[in-house]
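Visitor: coordinates only, no sequence provided:
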């Protein structure tokens, strides 16, 4: 069974390795990658001794030990990684507020602390009193779940900054498992200064000692070098008998990690209604800046969130030099700035870097005279945006593809907001399906 995999990001690479581990001959697999380097959204860059991840700071963690172990093995084994304690915060005016926000409201100024606590208790009481179900739109869900104070001081401004859309246009269906759910007892304790923890499943993470997060995908690709065709974008897939033609070459099956919204341009014969569903899927792009600093001193933080407009356009800053001892030269440090943009809109370039640095100064994160240089990367698709109707469109698109014998996979191949470990898990599941399909029952 000759298999074409479009895209050599973490999903495509994990699938290829899992197929080979399951007994498929490597010569029956071909990966087509448009970029000159494998890795996709997991790519990293090293410049003058400073390392950063192009699509924002990544971390390695998983709720499933077998997936964590598999990814560490691909990246050189546990000894090739540094173990880190997650320490994250919100930069609120001139102070740090522990993350998740509702677990850190005791760090707020007194009035904001009161407003957040009162709103949280009121929202909790209303849910218990009325038994109301979660609202369908994200903006209303924030008020329903957290109350007016947390909505006003953090959730609304932060989410408007990252999603670049009115929050009522976004569905609340994406938040399950992603937005921390603090018991009211923890919030009450936090408000009076008793420390509580939230989102504990990410309390520890791992990061490669060398090469950034791309060290993992480099390891995945190492045994596949002669099967990956780099700098080879695919512009058309056509039916050829029971199989498919890719670049004029025949394959029995094709796996698509390419963006689902681009599929009508790629696959012949997509019906109009399916093409419309694919084309209406929404996403955000990303601009990242590495900021190299001439100082070894940085907060003992993994990353922080920036909700305020005067903190600049960035929604998140990651201290890459805190991830690995090799992340910056001796005596230096670095941070990584993330700025989202609506996917179908170009990021305004006028003064973006200057505005970003000024925002970091206003937030108290840098001193301008310590900046050695910056380095910019642009990512066309970084975040899936769950606008209303997203799941219906996604299911319609995927259903049609699978009816044709095509297999969508990956964050944008399936338009699911999956982290790298979830991408690996789903790739391994698909590998089992494909291997089972080629083995006739005895």
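Guide: Noted; the coordinates are in hand. Note that the structure is predicted; figures quoted are calculated from it, not measured. Numbering: from 1, shown residues only.
Visitor: could you chop this structure up by domain?
Guide: Domain ranges of the chain: 3-42+212-281+388-438, 100-196, per automatic domain parsing.
Visitor: check which helix or strand covers residue 160.
Guide: In this assignment (DSSP states H and E), residue 160 forms part of helix 156-163.
Visitor: can you list the residues that contact that helix?
Guide: 90, 138-139, 142, 166-167, 170, 284, 305-309, 313, 315-316, 340, 383, 385 (Cβ atoms under 8 Å, 6 or more residues apart in numbering). (Glycine included, C-beta is placed from N, CA and C.)
Visitor: PyMOL command for the buried members of those?
Guide: In PyMOL syntax, the buried subset of the contacts of helix 156-163 is picked out as below (16 or more other Cβ atoms under 10 Å):
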select buried, resi 90+138+139+142+167+170+284+305+306+307+308+313+315+316+340+383+385
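Visitor: top strand in this protein by residue count?
Guide: strand 371-385 (DSSP state E).
Visitor: what angle do that one and helix 156-163 make?
Guide: Strand 371-385 runs at 90 degrees relative to helix 156-163, counting by axes from the mean of the first three to the mean of the last three Cα atoms, to 10 degrees.
Visitor: name the helices or strands packed onto the next helix or strand after strand 371-385?
Guide: Downstream of strand 371-385, the next assigned helix or strand under DSSP H and E is helix 390-403. Applying 3 or more Cβ pairs under 8 Å, 6 or more residues apart in numbering; DSSP states H and E, one finds that helix 390-403 makes contact with helix 272-279, strand 406-408.
Visitor: need these in JSON lines with mean pLDDT, can you?
Guide: Converted to JSON lines, the helices and strands packed on helix 390-403 look like this (pLDDT from 0 to 100):
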{"stretch": "helix 272-279", "mean pLDDT": "98"}
{"stretch": "strand 406-408", "mean pLDDT": "98"}
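Visitor: of all the ones you listed, which one is nearest residue 197?
Guide: Closest to residue 197 of those, according to Cβ to Cβ: strand 406-408, at 37.1 Å.
Visitor: circling back: buried deepest among the helices and strands packed on helix 390-403, which one?
Guide: Mean neighbour count (mean count of other Cβ atoms under 10 Å) peaks for strand 406-408 among the helices and strands packed on helix 390-403, with a mean of 21.
Visitor: hmm, who's touching the next helix or strand after that strand?
Guide: Downstream of strand 406-408, the next assigned helix or strand under DSSP H and E is helix 420-438. The contact list for helix 420-438 (Cβ under 8 Å, 6+ apart) reads 1, 3, 9-12, 14-15, 18-19, 21-24, 42, 58, 60-62, 64, 67-68, 70-71, 213, 216, 253, 255, 407, 409-411, 414, 416, 418.
Visitor: what's the mean pLDDT across helix 420-438?
Guide: The pLDDT scores in helix 420-438 average 96.
Visitor: same check, this time on stretch 41-53
Guide: Averaged over stretch 41-53, pLDDT sits at 98.
Visitor: hang on, the earlier thing: wait, which of the helices and strands packed on helix 390-403 is closest to residue 345?
Guide: Among the helices and strands packed on helix 390-403, the nearest to residue 345 by Cβ to Cβ is helix 272-279 (15.7 Å).
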